[in-house]
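A.B. asks: Give me the fold of what follows.
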Amino acid sequence: MGTVNGTLALFCAVCTLVLVFGLQYQQRIRHTKDGGIFHWMLLASFFALLFDGIGWLCFDEKPVAFRLFGTISMLAVSVLLAIYSDYVMSLLKLNSLLQRRIKQINYALCGFLALLWVLNAIRPFFYDFQTLKFFHPFGTVLVVICTAVVFFDTLFLICINRQKVGKEQFIIMAGLPVLPVISYLPNLWSSQLHLLFPMIFFVLLANYVRLFNLQYSSLSTQRERLHSMQIRSTTERMKPHYIYNVLTSIYYLCETDPAVAQQAVGAFSDYLRSVLEDLDAGGLIPFRRELQTIKSYLSLEKMRFGDRFRVSFQIEADRFLLPPFSVQPVVENAVKHGVENSDLVGEIRIESFETPSHFVVVVSDNCGGFDVEQLRQDKGSFGLRYIQQILSMTVNGKIVIESEVGVGTSVTIRIPKEEVAFLQPGS
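C.D. replies: All right, here's what the predicted structure looks like:
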């Protein structure tokens, strides 16, 4: 029976390791708080299964090794219990004083449980690794009580907050303490097939599948929101008053400077083509393409404002992808809220570079600045809110706005390299 138990445990350990690597490559799950804690749960389960499997294979010929590996496996289970308690608190978003006390009590009980197994390994006083039976009532009761309290106070929190998580998630979360306990109860009286660790793996696998289903549903919802936001963003770019202003400027240029008017028509045509093509793209675009849209837009604004502002580019990195219209609205804000409202000659600077972990785009100006806190409270400001949401949804990017009244504004966009593809030279 030792060979059967060992083989089964090692098989589950390999499967758990596959889940660990699978979660490692799912950055959007891995980088959430819940996903990070679940990652540690998988690692603790892997070590519990690994040492349990190795111990069972040593059962017949090396009883000392069986005791050692069995104890290490139970220590991993103690760690798993503590992480499980933290995982439930995180999922349920519980942070009251009572709930924090419950988590602290669970940590203390898990630590005490680990200490009991270490002492038992030195000198068995409640569990016999030869007969595979609990033999001392007091020691057995201590182990059962510590385990039961951690399981059932956590289960109690799950039950009273079940409406927060939904039926499917409630069943899986409640199954993690219930099913392993049920599978282990027969081992209190029999030393045959041990199903505790395989049952833990089964419940963790169910939770793994649940996480991916949630991620898939979230991505579907985000795609719908993204498409809606892209349509609205395009509408913002194509507002009649803006088109009217451009066409009026071109109309007067046709009389005063036909050559410039011709250039303006070409720039306006390029701008409209970029807007429509980026909407149809439905995904990420090369930063170079975003730069083309920005330059077309700025050439039109230069036609309107003449020498009232200057633009400089310092592009050190452009071989990466980003959402369409994630930089152009920032430049548009610098012109609309800076140049239009300033009597000074505006300086707009657009730069891009890369760090070991991020691609960075910075748009800065010297056009007066504004109160950033007031911007956060302005629910009617669609442009920057669009950028913040679309960067977060598509490439896990972030935007940082720094502004000082009377000085100027700097907007920094940071995109993690692990979230976007690198373009080959010439692409």
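A.B. asks: how does this structure divide into domains?
C.D. replies: 2-219, 238-419 (automatic domain parsing).
A.B. asks: Save the ones you listed as a markdown table, and put in mean pLDDT and mean neighbour count too.
C.D. replies: Placement of C-beta: from N, CA and C, glycine included. As requested, these are exported to a markdown table (pLDDT from 0 to 100; neighbours: other C-beta atoms under 10 Å):
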| stretch | mean pLDDT | mean neighbour count |
| --- | --- | --- |
| domain 2-219 | 82 | 17 |
| domain 238-419 | 80 | 17 |
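A.B. asks: Would you map the strands across the stretch 51-200 of the chain?
C.D. replies: 127-128, 133-134 (DSSP state E, counting those that start in this stretch).
A.B. asks: Summarise which helices and strands the last one is packed against.
C.D. replies: Based on contacts counted as 3 or more C-beta pairs under 8 Å, 6 or more residues apart in numbering; DSSP states H and E, the elements that strand 133-134 packs against are strand 127-128.
A.B. asks: what does the strand it packs on rub up against?
C.D. replies: 120, 133-135, 139-140, 143 (C-beta atoms under 8 Å, 6 or more residues apart in numbering).
A.B. asks: Show me the strands in the stretch 301-427 of the chain, by range?
C.D. replies: 309-315, 321-322, 346-354, 358-365, 398-404, 408-416.
A.B. asks: which residues in the stretch 101-250 of the chain form helices?
C.D. replies: 137-160, 162-165, 167-184, 196-237, 240-256 (DSSP state H, counting those that start in this stretch).
A.B. asks: ugh, wrong one, the stretch 251-400 of the chain
C.D. replies: Using DSSP H, counting those that start in this stretch, helices in the stretch 251-400 of the chain cover 258-281, 287-305, 328-333, 372-377, 382-395.
A.B. asks: could you redo those as TSV and give each row distance to Phe313?
C.D. replies: Supplementary listing: the helices of the stretch 251-400 of the chain in TSV, determined by distance: least, C-beta to C-beta, whole Å:
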stretch	distance to Phe313
helix 258-281	17
helix 287-305	8
helix 328-333	11
helix 372-377	25
helix 382-395	19
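A.B. asks: Which of those helices sits closest to Phe125?
C.D. replies: In terms of C-beta to C-beta, the element of those nearest to Phe125 is helix 382-395, at 54.6 Å.
A.B. asks: tell me the angle that closest one makes with strand 398-404.
C.D. replies: Relative orientation of helix 382-395 versus strand 398-404 (axes from the mean of the first three to the mean of the last three C-alpha atoms, to 10 degrees): 150 degrees.
A.B. asks: Would you tell me which of the helices of the stretch 251-400 of the chain gets closest to Gly166?
C.D. replies: Among the helices of the stretch 251-400 of the chain, helix 382-395 sits nearest to Gly166 (C-beta to C-beta), with 22.4 Å.
A.B. asks: Output the contacting helices and strands for that closest one.
C.D. replies: helix 196-237, strand 321-322, helix 328-333, strand 398-404, strand 408-416.
A.B. asks: go again using 6 Å as the cut-off
C.D. replies: The contact analysis (3 or more C-beta pairs under 6 Å, 6 or more residues apart in numbering; DSSP states H and E) places helix 382-395 against helix 196-237, helix 328-333.
A.B. asks: what angle do that helix and strand 358-365 make?
C.D. replies: 170 degrees.
A.B. asks: Can you tell me how far Ala65 is from Gly55?
C.D. replies: As judged by C-beta to C-beta, to the nearest Å, Ala65 and Gly55 stand 7 Å apart.
A.B. asks: got it, and Val141?
C.D. replies: Relative to Gly55, Val141 is positioned 24 Å away (C-beta to C-beta).
A.B. asks: Among the strands of the stretch 51-200 of the chain, which comes closest to Glu332?
C.D. replies: Nearest of the strands of the stretch 51-200 of the chain (C-beta to C-beta): strand 127-128, 70.4 Å.
A.B. asks: What strands flank the closest one, and is each parallel or antiparallel?
C.D. replies: Using DSSP bridges, the strands paired with strand 127-128 are strand 133-134 (antiparallel).
A.B. asks: ok, back up a step: ok, which of the strands of the stretch 301-427 of the chain comes nearest Pro286?
C.D. replies: strand 321-322 (6.1 Å).
A.B. asks: Direction included, what does that closest one pair up with?
C.D. replies: strand 285-286 (antiparallel).
A.B. asks: what distance separates the strand it pairs with from the middle of the whole chain?
C.D. replies: Distance, stretch centre to chain centre, for strand 285-286: 22 Å (C-alpha atoms, centre = their mean, to the nearest Å).
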